[in-house]
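A.B. asks: Show me how the following folds:
(one chain, ligands or ions: 1)
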Amino acid sequence: MPVRMKQLCVAIVFGVLAGAVNSHADDKETAAAVTNEDGKYYDKDGTPTFNIGEDGTVDWYTYSGYRRFNSECHVCHGADGAGSSFAPALADSLKTMSYGDFLSTVAEGRKNLSAGKESVMPAFGDNKNVYCYMDDIYVYLRARAVGGLPRGRPAKKEDKPEAAREHESSCMDG
Ligand code: HEC
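C.D. replies: Residues are numbered from 1 along each chain as shown. Have a look, this model is predicted:
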């Protein structure tokens, strides 16, 4: 099994475990960045998070997540995660959804066949354009949900870190 699929499996198991604890609320304070590893920010629990400077400059991953979200997810979830009649507003969902639940939902998809309506979230676990950028999409949506990130393309961004370049080429080629 390729390393990345293993990581994804670990993420899914983690997601299932995290799902058992279903009360989860996120806010600006919880999401505050306390560490920065090569341009990737983490909160006090070690969960990936966004960083927005006073002049509105976003970290690279938030910017990258904006681009990925608005190419892979917006058709159903609406531009900037604002929602549509077909799929929920993820800019709201992430106020109460844990990182683990997010990873497992995106990797495995979800089907809701209640009350005669069919509502299907596709599985993206084997789509490199999504799983190679899972954290990017997560931190972007987290910034939309609790970080006050406005709609639209962030005007200023940090430079692309070397670590992002390396992750991208090994993930996309693997
Ligand atoms: C083909 C349409 C479609 C696409 C494309 C899509 N989704 Fe979804 N997604 C849905 C639907 C419909 C639901 C609600 C499923 C349900 O009712 O349980 C959903 C649910 C979700 C949820 C759970 C939200 C909640 O409030 O519980 C997350 C997280 C999510 N999608 C993330 C994503 C991400 C990230 C992408 C892009 C990589 C994406 N989706 C692309 C249709 C889509």
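A.B. asks: can you map out the helices along this structure?
C.D. replies: 3-20, 60-72, 74-77, 90-93, 99-108, 128-131, 134-146, 162-173 (DSSP state H).
A.B. asks: Give me whichever of those is most buried.
C.D. replies: Stretch with highest mean neighbour count among these: helix 134-146 (a mean of 26; mean count of other C-beta atoms under 10 Å). Placement of C-beta: from N, CA and C, glycine included.
A.B. asks: Run a quick neighbour tally on residue 121.
C.D. replies: 17 (other C-beta atoms under 10 Å).
A.B. asks: returning to that earlier point: now tabulate the helices of the chain in JSON lines and tack on distance to residue 35 and mean pLDDT.
C.D. replies: Putting the helices of the chain into JSON lines (distance: least, C-beta to C-beta, whole Å; pLDDT from 0 to 100) gives the following:
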{"stretch": "helix 3-20", "distance to residue 35": "19", "mean pLDDT": "56"}
{"stretch": "helix 60-72", "distance to residue 35": "14", "mean pLDDT": "98"}
{"stretch": "helix 74-77", "distance to residue 35": "29", "mean pLDDT": "96"}
{"stretch": "helix 90-93", "distance to residue 35": "25", "mean pLDDT": "97"}
{"stretch": "helix 99-108", "distance to residue 35": "15", "mean pLDDT": "97"}
{"stretch": "helix 128-131", "distance to residue 35": "24", "mean pLDDT": "96"}
{"stretch": "helix 134-146", "distance to residue 35": "14", "mean pLDDT": "98"}
{"stretch": "helix 162-173", "distance to residue 35": "14", "mean pLDDT": "96"}
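A.B. asks: ok, now which ones touch the nearest residue to residue 119 once chain neighbours are set aside?
C.D. replies: Leaving out its chain neighbours, the residue that sits closest to residue 119 by C-beta to C-beta, 6 or more residues apart in numbering is residue 112, at 4.2 Å. Applying C-beta atoms under 8 Å, 6 or more residues apart in numbering, we find residue 112 in contact with 118-120.
A.B. asks: Identify the residues contacting the residue nearest the centre of the chain.
C.D. replies: Residue closest to the average C-alpha location in the chain (C-alpha atoms, centre = their mean): residue 138, at 1.3 Å. Contact analysis of residue 138 by C-beta under 8 Å, 6+ apart lists 48, 65, 94, 99, 102-103.
A.B. asks: I figured residue 131 was touching residue 124, is that so?
C.D. replies: Yes. Contact criterion C-beta atoms under 8 Å: residue 131 and residue 124 qualify, at 6.4 Å.
A.B. asks: Fine by me, we can end here.
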